[in-house]
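Peer 1: Requesting a structural model of the entry that follows:
(chains A and B)
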Amino acid sequence: MNPSPPALALAGVACTFVSKDDPGQRYTAVEDVTLTVGAGEFVAVVGPTGCGKSTLLNVAAGLLQPSTGSVQVFGQPLAGINTRAGYMFQAESLMPWRTALANVMAGLEFRGVAAAEARTQAEGWLRRVGLGGFGDRYPHQLSGGMRKRTSLAQTLALDPDIILMDEPFSALDIQTRQLMENEVLELWQGAERRAAPGAGPTGRKAVLFITHDLDEAIAMSDRVVIMSAGPASRPIGEFTIDIPRPRDVAEIKTSQHFIELHAAIWARLRDEVLKGYTQQLGKAA
Amino acid sequence: MFKPTPRNIRLWQVGLLAAVFAFWHVMTAPGLIPPMMFDNDRQAAFFFGEPVKIVGRIWTWFVAEADIYRHLWVTLIETLLAFGIGSVLGLLCGLWLALSPMASAILEPYIKAANSMPRIILAPIFAVWFGLGIASKVALGVTLVFFIVFFNVYQGVKEVSPVVLANARMLGANRKQLLRHVYLPSATSWVFSSLHTSVGLAFVGAVVGEYLGSSQGVGYLILQAEGTFDINTVMAGILVLTAFALVLDAAVGRVEKRLMKWQPRAGETEKL
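Peer 2: Residues are numbered from 1 along each chain as shown, chains lettered A, B, ... in the order given. Coordinates of the predicted model:
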């Protein structure tokens, strides 16, 4: 076997949804997707709306079985839920009947960590995402940004080797968003210092980050993958982002190199966005 | 000076009650005013009772002879048992049917039929099956409570947010943990949202059951008084039951507030 297999490898994945009421109605969300995320690599996937980005993430998480193709996690074929991955959802995913602390504890509890130990760890993670004093709040008592931080702590508390993020900050205002992006980058880079054995060459976690915001994608990732407009969307381009780390998402947006990369990727992406937009208009008409 | 304002609203509420009783007294007290609707001045009292005598009756029950507590206790026990058993059964069946689509598809028409049936009419059957003691009243209450809770739980499980569910699965929850940490809390929130209705119906079941045949309970007192055309005692029984239902409702409100503190309430602000 390869000495260091990629954290996540999708090969020839296609997902076709069949309408339950009318089996003749089919919709192929993604087709022929081959995508790898190296251990410790931060990969961002961008594409026009409705291009099946979330479908891809659900496949990687094991929540969705692909119609064809294979998924490998650290060289092992994926069956059922991807236990080495943590998933940050786009929508509200916290359990509303649990406090912030209990939500962060949930994963540890499910995995059989003793309550006292789980509590200590969860408190540590809440502090790390800046919510030290908010553990006793219920989700509805937290602001949108605080709920996202709680979700982040919930995901990271399990120390996953792969983090899947589905437009996690799309619902936040621009200031909160930049703060959160920087925090995620810091936590991700900081993982190096707390390196757990076997978590990739640098101790960093592999990240598959889905977004429709090109700025966000370039600012955060090592590699940007562009998806074509749906239906049957697939990766159509890849750009390596060689901006040195550590980065500050707000600062690098004005750097010359960032602007060049943005122009190059946008040139490729623009046609797809327009295509996707026309298709949506056509559907609405 | 006495315009209704949010501050003296209690005063107005008490005043309204006093006015109703005063009107009642004036219209029914024999010889107070000339009879309008009836042939003689005792008939109004016979049909509608006299507030003073009703209050006297209640005083006798609660203070002078203090013999109503035994009956109230029986009615309370019946209500609580009906509510408890009905809720647990409804919760279990709701969870089961919501999580096994096949069983729910098979049972669907029967559940609909059982729900549309006027279940109060089962009271005589329960009296035959379970006798005239507590059991038949509890059974009647259970059939009333069960369906309220059942439908709410069923709905609650069906409407668990798919994202919350997927998240719990990603966090490593197995089927049992999903049931305990996701489905159950979500379903209980629906049970509590129907708490007022189901406690009310448990109470209805208990009283109606007693009224149809029993040897104790407030419904029994009313039945007895009715047998001797003692309208004052009937009215007193109704007032006691109303007050009892109000107390029960307030207790439920307190329990609900404690258990549902995770649910957002409109207009609630964060206290920092």
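
Peer 1: Could you give the secondary structure assignment for residue B:120?
Peer 2: helix (DSSP: H, G, I helix; E, B strand; the rest coil).

Peer 1: what about it, distance to chain A?
Peer 2: According to Cβ to the nearest Cβ, to the nearest Å, residue B:120 stands 35 Å off from chain A. For glycine as for every other residue, the C-beta is placed from the backbone atoms N, C-alpha and C.

Peer 1: Roughly how far does the residue lying farthest from the centre of chain B sit from residue A:94?
Peer 2: No residue in chain B sits farther from the centre than residue B:170, which is 41.7 Å out by Cα atoms, centre = their mean. Distance of residue B:170 to residue A:94, given as Cβ to Cβ, to the nearest Å: 13 Å.

Peer 1: next one: residue A:245
Peer 2: Residue A:245 sits 30 Å away from residue A:94 when distances are taken as Cβ to Cβ.

Peer 1: Which residue of the two possesses the greater neighbour count?
Peer 2: Counted by other Cβ atoms under 10 Å in any protein chain shown, residue A:245 and residue A:94 do not tie: residue A:94 has more neighbours, with 26 against 10.

Peer 1: residue ranges with poor pLDDT in the stretch 101-250 of chain B?
Peer 2: By pLDDT under 70, the stretch 101-250 of chain B contains no weakly predicted segment.

Peer 1: Residues of it that sit close to chain A?
Peer 2: For the stretch 101-250 of chain B, the residues in contact with chain A (Cβ under 8 Å from any Cβ of the partner chain) are B:161, B:163-164, B:166-174, B:177, B:181-182, B:185-186, B:189.

Peer 1: Give the buried subset of these as a PyMOL selection command.
Peer 2: Listed next is the PyMOL selection for buried residues among those, using 16 or more other Cβ atoms under 10 Å in any protein chain shown:
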select buried, chain B and resi 161+163+164+166+167+168+169+170+171+172+173+177+181+182+185+186+189
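
Peer 1: Helices - which of the residues of the stretch 101-250 of chain B next to chain A land there?
Peer 2: Among those, DSSP state H puts B:163-164, B:166-170, B:177, B:185-186, B:189 in helices.

Peer 1: Show me how the chain divides into domains.
Peer 2: Since you didn't name a chain, this refers to chain A. A:8-84+A:162-284, A:94-159 (automatic domain parsing).

Peer 1: Wait, chain B was what I had in mind.
Peer 2: If you go by automatic domain parsing, chain B breaks into B:9-48, B:69-259.

Peer 1: isn't there a helix covering residue A:123?
Peer 2: Yes - counting by three-state DSSP, residue A:123 is part of a helix.

Peer 1: which stretches of chain A have low pLDDT?
Peer 2: Low-confidence segments of chain A (pLDDT under 70): A:1-3, A:191-203, A:283-285.

Peer 1: What are the boundaries of the strands in it?
Peer 2: Applying DSSP state E to chain A gives strands spanning A:8-18, A:26-37, A:42-46, A:68-73, A:76-77, A:85-88, A:162-166, A:206-211, A:223-227, A:235-240.

Peer 1: Now stretch A:159-179 - C-alpha only, CSV.
Peer 2: This file holds the C-alpha atoms of stretch A:159-179, laid out as CSV (Å, rounded to 0.1, in the frame of the first residue of the first chain):
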residue,chain,number,x,y,z
ASP,A,159,-10.3,15.3,16.9
PRO,A,160,-11.3,14.1,13.4
ASP,A,161,-8.6,13.6,10.8
ILE,A,162,-10.8,15.0,8.1
ILE,A,163,-13.1,18.1,8.5
LEU,A,164,-15.9,18.5,6.1
MET,A,165,-17.3,22.1,6.0
ASP,A,166,-20.4,23.0,4.0
GLU,A,167,-20.5,26.7,3.5
PRO,A,168,-20.3,27.0,7.3
PHE,A,169,-20.2,30.8,7.5
SER,A,170,-22.6,31.7,4.7
ALA,A,171,-25.2,32.8,7.1
LEU,A,172,-22.9,35.1,9.0
ASP,A,173,-22.3,38.8,8.4
ILE,A,174,-19.1,39.8,6.8
GLN,A,175,-17.2,40.9,10.0
THR,A,176,-18.1,37.8,12.0
ARG,A,177,-17.3,35.7,9.0
GLN,A,178,-13.8,37.0,8.6
LEU,A,179,-13.2,36.5,12.4
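
Peer 1: just to revisit the earlier point, and the furthest pair within the ones in helices among the residues of the stretch 101-250 of chain B next to chain A?
Peer 2: Farthest-apart pair in those is B:170 and B:189; separation 22.4 Å (Cβ to Cβ).

Peer 1: near chain B, which residues of the stretch 101-250 of chain A show up?
Peer 2: Residues of the stretch 101-250 of chain A lying near chain B (Cβ under 8 Å from any Cβ): A:106-107, A:110-111, A:138-141, A:154, A:158.

Peer 1: go again using 10 Å as the cut-off
Peer 2: A:102-103, A:106-112, A:137-143, A:151, A:154-155, A:157-158, A:160, A:164, A:166 (Cβ under 10 Å from any Cβ of the partner chain).

Peer 1: Out of the domains of chain B, which gets nearest to residue B:56?
Peer 2: In terms of Cβ to Cβ, the element of the domains of chain B nearest to residue B:56 is domain B:69-259, at 8.1 Å.

Peer 1: measure that closest one end to end?
Peer 2: 30 Å (Cα to Cα, to the nearest Å).

Peer 1: And for the closest residue to residue A:34 other than its chain neighbours, the neighbour number?
Peer 2: Computed as Cβ to Cβ, 6 or more residues apart in numbering or on different chains, the closest residue to residue A:34 that is not its neighbour in sequence is residue A:11, at 5.3 Å. Under the neighbour criterion other Cβ under 10 Å, residue A:11 is assigned a count of 15.
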